[in-house]
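Visitor: Below is the structure, and that's it, no one-letter string:
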């Protein structure tokens, strides 16, 4: 069976000349939960955004669910994105509107232009959104304004929005970087549960190594746009760590240690 | 000054930037030029003080309004109100898509962006009275040319303010809607509109207020409303009647403003 | 839908009532319909309008086309309008600064501040045109002086209010410091308040100048001189070549002044203060925070 995601010598060079991804080759099987670790600026975010084409690749190709990102027309790219849910560090919710309307953003791909302009979502799409909210246990807030929720609650709405797409893949870009440690674990456990229960291929960027070791079936280390490690969580030793971070492990790299 | 010896070298007073003095000199020069008799408008404070007496009779007449005239102003006043409503509705409706085109986060491309921006600055540069003059010349006097002039005026104001608002919104939700596979139009509707809606409502009410004031002006060139009545009485030197219209307008504008403040507080 | 209904957990909230929103929308629609049906616009004119406007544009720019012999007259007229606007703005700036201090609650006393605020609102409610027609043309006679005075007095309303609001928003620390070293009230205003507020206030003056150029063009129509008078005369008498020339001069000059003034404003303060100025007029402080 072909892998769900395949990077083929993929490179990304930004207009300013920064090479954020250098010749990356990588295969990810359907249903895996992958954690990417590395310093900020190592290319984690670029790798994630190259997967759904939010950042255009400038060399090589990325094949996602059989679709080449490089050759995709804008329409094909939209169709592909509708099969990929995305979760953001800053949640990216529309603050001034209700939680339900935010989750319904995940149903845009299934909604006609006219319906979405009028804000008349189909009852079955509302049902899908409600079930997504139930899965992250926050359905009681459906009609509350997004800005009135706590950070952890907002991120769960972000997850529900991704789930409402009924995606094959979920990309999470530093989903817990704006949250406190207990909430971080809640959100990571939600992601893990969704990966296991629904078999959705999940890629998560994390800054903290201890979180990565707990939740990642497979850990990918990045440094300066290159892949420097690819293996199981237990295989991450002090030496591997130095390869990824360019220095020894400190308290700042551990979620639990950094709060003490 | 023996104490000074102990503190070391005192710094020299820094040289000041030349920009501010140049600007001040330019502003004063422009004012002098504008006031002069030969090149400017010829404003002379001494003459003005002498002249103040000249207006006394007229102002005395203005201070005794002829209230019997009030009933004949009701019709034009209602017309003014209707013109303001229609122009605000149409103008704000047109301004919404234009402002999306004229904002970086929502525009369709460089061409659409630059084109809409330049059209907007031309539309805004033409004074509303000129639109009214041209429309009156095209179809004759009446409220229609007035409404159209106000529509263009409103499009200019609202599109400018709204496009600045869109430029300043949180881009996160736009990225989220893109990542979920939304089309451009869907993204604007579901990720941008909720963010700008309060401003849009406030700006719309604001242009409605502006329209009530502006329609006095437009009436003067024959574009309908209370302004036409005002000018007719002014030309007849019926100061008692002019006074009634002015008082009425004053009360009306204040009332509209109060209602509009109340509405904004409730809606936003 | 039975399966879906069964799946609903008990904790699902009830959608909030949208009755009030629907009623408000309905009310708005009724007002719009009343305005549209009640107004005396005949459709025949609406149909005739595009053709009529196109014909005028055609006469302005194609046949006979722009009348360049009129360029000098139009430029002089525009210059006069700009001068009217400038003098009006200078008058308003000079008078509104002290008024703004007196109207600011934190440097003045409550009752005085409120009284001045009401006065400023009253001034704002009189359009320049009414001031010109009712007060300044009778006093100063037809001509640009009446226009400049009308614009100056009207602008005090907005500028005084804005100045007061900027002063109310200042950092109280320096004021306290100046008081504590024994400064007199005037000294406190000069050295602790003015430096904090001046850039923003100057930006508002310039913004007001941009608005006043448009106002000056309007006043020309009632006999206050400037480009407005020329525009009216040429259009009314069907001299569209000349009117087109005047139109081009208005557009180019206005965009030019806006650009220069906007550039200076943005150099003085970030964003140039346009939105702040309008939102202050809107009496909507919470909107400013949201931006």
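Guide: Alright, I've got the coordinates. Since we're looking at a predicted model, the values are computed, not measured. Residues are numbered from 1 along each chain as shown, chains lettered A, B, ... in the order given.

Visitor: interface residues of chain A facing chain B?
Guide: A:52, A:54, A:78-86, A:88, A:90-97, A:101, A:104-106, A:108-109, A:111, A:113, A:116-117, A:119, A:158, A:161-162, A:165, A:171 (CB under 8 Å from any CB of the partner chain). (C-beta placed from N, C-alpha, C; glycine too.)

Visitor: Mind doing that once more with 7 Å?
Guide: A:52, A:54, A:78-79, A:81-82, A:86, A:88, A:90, A:92-94, A:96-97, A:105-106, A:108-109, A:113, A:116-117, A:161, A:165 (CB under 7 Å from any CB of the partner chain).

Visitor: Confirm that residue B:42 sits in a helix.
Guide: No. Assessed with DSSP: H, G, I helix; E, B strand; the rest coil, residue B:42 is coil; it does not lie in a helix.

Visitor: And it, how far from chain C?
Guide: 7 Å (CB to the nearest CB, to the nearest Å).

Visitor: How about the contacts made by that residue?
Guide: Residue B:42 makes contact with residue C:145, according to CB atoms under 7 Å, 6 or more residues apart in numbering or on different chains.

Visitor: per-residue pLDDT, it?
Guide: The model reports residue B:42 with a pLDDT of 78.

Visitor: Output the lowest mean pLDDT helix or strand found in chain B.
Guide: helix B:45-51 (a mean of 76; mean pLDDT, DSSP states H and E).

Visitor: just checking, what packs against that helix?
Guide: helix C:137-140 (3 or more CB pairs under 7 Å, 6 or more residues apart in numbering or on different chains; DSSP states H and E).

Visitor: 10 Å instead, please
Guide: helix C:137-140, helix C:144-168 (3 or more CB pairs under 10 Å, 6 or more residues apart in numbering or on different chains; DSSP states H and E).

Visitor: pLDDT on the next helix or strand after it, on average?
Guide: Moving toward the C-terminus from helix B:45-51, the first helix or strand encountered (DSSP states H and E) is helix B:56-62. Averaging pLDDT along helix B:56-62 gives 80.

Visitor: quick one on the thing from earlier: please pick the buried ones from the residues of chain A next to chain B.
Guide: Among these, those classed as buried by 16 or more other CB atoms under 10 Å in any protein chain shown are A:52, A:54, A:78, A:81-82, A:86, A:88, A:90, A:92-94, A:96-97, A:105-106, A:108-109, A:116, A:161, A:165.

Visitor: Which ones among those residues map onto strands?
Guide: Assignment to strands by DSSP state E places the following of those there: residue A:86.

Visitor: For chain B, what's its nearest residue on the stretch 51-200 of chain C.
Guide: residue C:52 (3.0 Å; CB to the nearest CB).

Visitor: for the nearest residue to that residue once chain neighbours are set aside, what are its contacts?
Guide: Leaving out its chain neighbours, the residue that sits closest to residue C:52 by CB to CB, 6 or more residues apart in numbering or on different chains is residue B:138, at 3.0 Å. Applying CB atoms under 10 Å, 6 or more residues apart in numbering or on different chains, we find residue B:138 in contact with B:144-145, B:148, C:45, C:48-57.

Visitor: host element of residue A:60?
Guide: Using DSSP H and E, residue A:60 sits within strand A:59-64.

Visitor: same for that strand, what does it pack against?
Guide: strand A:5-13, strand A:19-28, helix A:44-51.

Visitor: chain center to the shortest one, what's the gap?
Guide: Okay, so that is helix A:44-51. For helix A:44-51, the separation from the chain centroid amounts to 9 Å (computed by CA atoms, centre = their mean, to the nearest Å).

Visitor: Just give the nearest non-adjacent residue to the residue nearest the centre of chain B, would you?
Guide: Residue closest to the average C-alpha location in chain B (CA atoms, centre = their mean): residue B:210, at 6.2 Å. Setting aside the residues directly before and after it, residue B:210 is nearest to residue B:157 in space (CB to CB, 6+ apart), at 7.0 Å.

Visitor: Equivalent analysis for residue C:230, please.
Guide: residue C:77 (4.4 Å).

Visitor: does that neighbour count as helix, strand or coil?
Guide: helix.

Visitor: residues contacting it?
Guide: Applying CB under 10 Å, 6+ apart, one finds that residue C:77 lies in contact with C:70, C:217, C:220, C:225-231, C:246, C:249-250.

Visitor: Pull out the buried members of those.
Guide: Buried among those by 16+ other CB under 10 Å: C:70, C:217, C:220, C:225-231, C:246, C:249-250.

Visitor: Contacts only, for the residue in the stretch 151-260 of chain A that chain C sits nearest to.
Guide: Residue nearest to chain C within the stretch 151-260 of chain A: residue A:160 (13.5 Å; CB to the nearest CB). Residue A:160 makes contact with A:85, A:87, A:99-100, A:102-103, A:106, A:129-139, A:142, A:190 under the criterion CB under 10 Å, 6+ apart.

Visitor: Among the residues you listed, name the ones in helices.
Guide: A:99, A:100, A:102, A:103, A:129, A:130, A:131, A:132, A:133, A:134, A:135, A:190 (DSSP state H).

Visitor: Assign a three-state SS to the residue nearest the centre of chain C, would you?
Guide: By CA atoms, centre = their mean, chain C has its centre lying nearest to residue C:211, at 5.1 Å. Classification of residue C:211 using three-state DSSP returns helix.

Visitor: Report pLDDT for residue B:4.
Guide: Residue B:4 is assigned 50 on the pLDDT scale.

Visitor: Repeat that for the one 4 residues further on.
Guide: You'll see residue B:8 listed with a pLDDT of 72.

Visitor: ok so, going back, need the contact list for the residue nearest to the centre of chain C.
Guide: C:85, C:89, C:151, C:155, C:158, C:277.

Visitor: Going by distance to residue A:181, which of these wins?
Guide: Nearest to residue A:181 among the contacts of residue C:211: residue C:277, at 46.0 Å, using CB to CB.

Visitor: and the closest one, that one's in a helix?
Guide: Yes. The assignment for residue C:277 is a helix, going by three-state DSSP.

Visitor: Report the separation between the residue in the stretch 1-150 of chain B that chain C sits nearest to and chain A.
Guide: Closest contact between the stretch 1-150 of chain B and chain C, by CB to the nearest CB, is at residue B:138 (3.0 Å). Distance, residue B:138 to chain A, using CB to the nearest CB: 34 Å.

Visitor: just residue C:208 next, same as before
Guide: Distance from residue C:208 to chain A, by CB to the nearest CB: 32 Å.

Visitor: before we move on, what about residue C:16?
Guide: 5 Å.

Visitor: Would you confirm that that residue belongs to a strand?
Guide: No. According to three-state DSSP, residue C:16 belongs to no strand; its state is coil.

Visitor: which outside residues touch the least confident helix or strand of chain B?
Guide: Under CB under 10 Å, 6+ apart, the answer for helix B:45-51 is B:35, B:44, C:136, C:138, C:139, C:140, C:141, C:145, C:149.

Visitor: what is the mean pLDDT for stretch C:51-65?
Guide: 91.

Visitor: Can you give me the buried ones in that stretch?
Guide: Per 16+ other CB under 10 Å, stretch C:51-65 contains these buried residues: C:52, C:53, C:56, C:59, C:60.
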